[in-house]
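J.: Got a sequence here, can you build the structure:
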Amino acid sequence: MCNACNLGQVCKMNADCGSGTCTNGKCASGLVLPACQDNMNVTAAMVFTGVVSLKCGPACHLGNGQSGGLNMKDAATMKTNTVGVASSAQIPRVTASNLDTSYLIYKILGQQMKAPGGGGSSMPLGGSLTVAEQCTVINWVKFGAK
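T.: Numbering: from 1, shown residues only. A predicted model of the protein is given here:
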């Protein structure tokens with residue numbers, strides 16, 4: 001018997017994939033995304049100002065709390081500490097231009113158990129993001145995490 005395939009590898013059926021989802025002949029994450037209008041102009045500053053600073057209090061990632069070792073005290077720090085940085089799962093916190101391999105996307109959608117090696121709580125802790133807020137983060141990652 002073979003080991004289950006990673007995201008993006010060729011598959012014939014769901015059981016072939018570690019994620020349990022084979023879509024169009026490739027292992028997929030199984031992420032269920034909200035309907036977002038594409039916006040390639042979303043920046044880290046927009047994500048920080050419009051989402052992180054509003055939804056994540058000092059006990060979370062903004063102040064001394066730094067939950068999970070993640071400090072997002074400002075836009076530049078948020079970007080530096082997420083893009084291309086290892087997470088507690090088997091995928092990075094954020095992979096620029098790739099939603100399936102960005103653990104932050106799973107966490108903000110409450111789908112962290114679908115991520116390879118994922119677990120824990122959704123983000124923000126004890127709350128949720130509106131669809132508009134989710135789409136801001138999704139577009140930031142989807143269009144290069146600039």
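J.: In the longest helix anywhere in the chain, which residues are buried?
T.: The helix that spans the most residues within the chain, counting by DSSP state H, is helix 131-142. Applying a neighbour-count criterion of 16 or more other Cβ atoms under 10 Å, one finds E133, Q134, C135, T136, V137, I138, N139, W140, V141, K142 buried in helix 131-142. From N, CA and C alone the C-beta is placed, and that goes for glycine too.
J.: what would those look like in JSON lines with pLDDT and distance to G25?
T.: Below are these laid out as JSON lines (pLDDT from 0 to 100; distance: Cβ to Cβ, whole Å):
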{"residue": "E133", "pLDDT": "97", "distance to G25": "33"}
{"residue": "Q134", "pLDDT": "98", "distance to G25": "28"}
{"residue": "C135", "pLDDT": "98", "distance to G25": "28"}
{"residue": "T136", "pLDDT": "98", "distance to G25": "32"}
{"residue": "V137", "pLDDT": "98", "distance to G25": "29"}
{"residue": "I138", "pLDDT": "98", "distance to G25": "25"}
{"residue": "N139", "pLDDT": "98", "distance to G25": "27"}
{"residue": "W140", "pLDDT": "98", "distance to G25": "29"}
{"residue": "V141", "pLDDT": "98", "distance to G25": "24"}
{"residue": "K142", "pLDDT": "97", "distance to G25": "22"}
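J.: So for G68, what's the pLDDT?
T.: G68 is assigned a predicted lDDT (pLDDT) of 64.
J.: Is Y106 in contact with K114, as I believe?
T.: Yes. Y106 is within contact range of K114, at 6.1 Å (criterion: Cβ atoms under 8 Å).
J.: Which residue of those two possesses the greater neighbour count?
T.: Y106 (26 against 17; other Cβ atoms under 10 Å).
J.: Can you tell me the closest non-neighbouring residue to the more buried one?
T.: A115 (4.2 Å; Cβ to Cβ, 6 or more residues apart in numbering).
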